[in-house]
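Q: I'd like to go over a predicted model; first the sequence, then the structure.
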Amino acid sequence: MSLPKTLADDVARNLVMVAQLIDEDPERAYAYSRIALRLASRVAAVREAAGFAAYATQKYAEALAEFRAARRMTGNVDLWPVMADCERGLGRPERAMAMAGEPEVQKLDKAGQVEMRLVAAGARRDMGQIDAAIVTLQSPELASSSVQPWTARLRYAYADALLSAGREDEAREWFAKTIEADKDGATDASDRLAELDGVEFVDAMVEEDDEDDEDADDDLSPVLDADIDTDTDTDVVDDDEDSGDGDEDDDDGVDEEVGEEVERDTKH
């Protein structure tokens, strides 16, 4: 469906904002998707973007409706795995399992089939079938030594399932294999492996801050001791008055920053 140029530009701007914000601020991404949806609800790309924004904010019923609409418009099966995952989000894992057995799965590309396998394994776990979930994840893609975009997530899911089944040694092995494939650090496999090995991480920055606070308290002690013996009523009043003036200045600065942010969002 074609749109007038001005309308198309407005829709495009909102879709760009959805793409930019969906990971770091899904609620704002969702708000932009609703604007795009009001402007062009008959455009498949808009329905799909609205679906992913709703999915990111755990509005699974709404996401599923948008994905279904997009699929009707395009006839494309690419959204089949995420539609099944919406069923899981709605507390209907048995429907997700039924979708995993539909002919649409065979029409998916390799990445889509792996995603469907992950969803099906998750549905098995939702139903308390941990051993079946482990078997579901066992596949040529899992056994392959080549690293693909889906490899880290597939290995991580398998390691996590093994750990849930009490197979700790195997889980440790697969978390290590996940780290090998997870070059971007998309999973927390390294933390999970360290936890299994009994390694405890200490935040050095927190320790430094604590030491700085202790030093500051030591430096202030003589001053505080001296102040105890003096009449401080006048000083307290003066400090309150000064603090009040500072608060007003701070409020003005906040107002100016909020105004500038709203103006920027409006312009874009």
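A: On my side now, so go ahead.
Q: low-confidence bits of the stretch 151-268 of the chain, can you list those?
A: Within the stretch 151-268 of the chain, the stretches with pLDDT under 70 are 201-268.
Q: show me the helices in the stretch 101-250 of the chain, by range?
A: Ranges of helices in the stretch 101-250 of the chain, per DSSP state H, counting those that start in this stretch, are 110-126, 130-137, 140-143, 151-164, 168-181, 189-196, 204-228, 233-267.
Q: can you name every helix or strand that the fourth one contacts?
A: In other words, helix 151-164. Counting contacts by 3 or more C-beta pairs under 8 Å, 6 or more residues apart in numbering; DSSP states H and E, helix 151-164 packs against helix 110-126, helix 130-137, helix 140-143, helix 168-181, helix 189-196. Quick note: C-beta positions are derived from backbone N, CA and C, even for glycine.
Q: wait, isn't residue 192 in contact with residue 175?
A: Yes: Residue 192 is within contact range of residue 175, at 5.2 Å (criterion: C-beta atoms under 8 Å).
Q: and for these two, which residues touch both?
A: Residues touching both residue 192 and residue 175 by C-beta atoms under 8 Å, 6 or more residues apart in numbering: residue 159.
Q: quick one: which of these two has more around it?
A: Neighbour count, other C-beta atoms under 10 Å: between residue 192 and residue 175, residue 175 has more, with 28 against 19.
Q: contact partners for that one?
A: Counting by C-beta under 8 Å, 6+ apart, residue 175 makes contact with 156, 159, 189, 192, 193, 196.
Q: now residue 41
A: Residue 41 touches residue 47, counting by C-beta under 8 Å, 6+ apart.
Q: distance check, it against residue 107.
A: Residue 41 is 26 Å from residue 107, where distance means C-beta to C-beta, to the nearest Å.
Q: same deal with residue 17?
A: Computed as C-beta to C-beta, the residue 17 to residue 107 distance reads 32 Å.
Q: residue 57 too?
A: From residue 57 to residue 107 the distance is 29 Å (C-beta to C-beta).
Q: neighbour-wise, which of residue 17 and residue 107 wins?
A: Remark: of residue 17 and residue 107, residue 17 carries more neighbours, 20 against 13, as counted by other C-beta under 10 Å.
Q: ok, and the closest non-adjacent residue to that one?
A: Take residue 17 and drop its neighbours on the chain: the residue closest to it by C-beta to C-beta, 6 or more residues apart in numbering is residue 32, 4.2 Å away.
Q: the one you found in helix, strand or coil?
A: Recorded secondary structure, residue 32: helix (DSSP: H, G, I helix; E, B strand; the rest coil).
Q: then residue 3?
A: In three-state terms, and counting by three-state DSSP, residue 3 is coil.
Q: residues touching it, list them.
A: If a contact means C-beta under 8 Å, 6+ apart, then residue 3 has 11, 40, 43 as its contacts.
Q: make TSV out of those and add pLDDT, distance to residue 80 and neighbour count.
A: What follows is the contacts of residue 3, written out as TSV (pLDDT from 0 to 100; distance: C-beta to C-beta, whole Å; neighbours: other C-beta atoms under 10 Å):
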residue	pLDDT	distance to residue 80	neighbour count
11	97	26	21
40	97	24	21
43	97	21	20
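Q: what about the residues you listed, which are in strands?
A: Applying DSSP state E to the contacts of residue 3, no entry is found in strands.
Q: rewinding a little: let me know which of the helices and strands packed on helix 151-164 is tucked in deepest.
A: helix 110-126 (a mean of 21; mean count of other C-beta atoms under 10 Å).
Q: what's next to that one, contact-wise?
A: Contacts of helix 110-126 with the rest of the structure, by C-beta under 8 Å, 6+ apart, involve 77-78, 80-82, 84-85, 87-88, 93-94, 96-97, 100, 105, 108, 130, 132-134, 136-137, 139, 141, 148-150, 153-154, 157, 161, 164.
Q: got the angle between that helix and helix 130-137?
A: With axes from the mean of the first three to the mean of the last three C-alpha atoms, to 10 degrees applied, the angle from helix 110-126 to helix 130-137 works out at 180 degrees.
Q: for helix 110-126, the distance to its chain's centre please.
A: How far helix 110-126 lies from its chain's middle: 19 Å, per C-alpha atoms, centre = their mean, to the nearest Å.
Q: with residue 5 as the reference, name the closest of the helices and strands packed on helix 151-164.
A: Closest to residue 5 of those, according to C-beta to C-beta: helix 110-126, at 34.1 Å.
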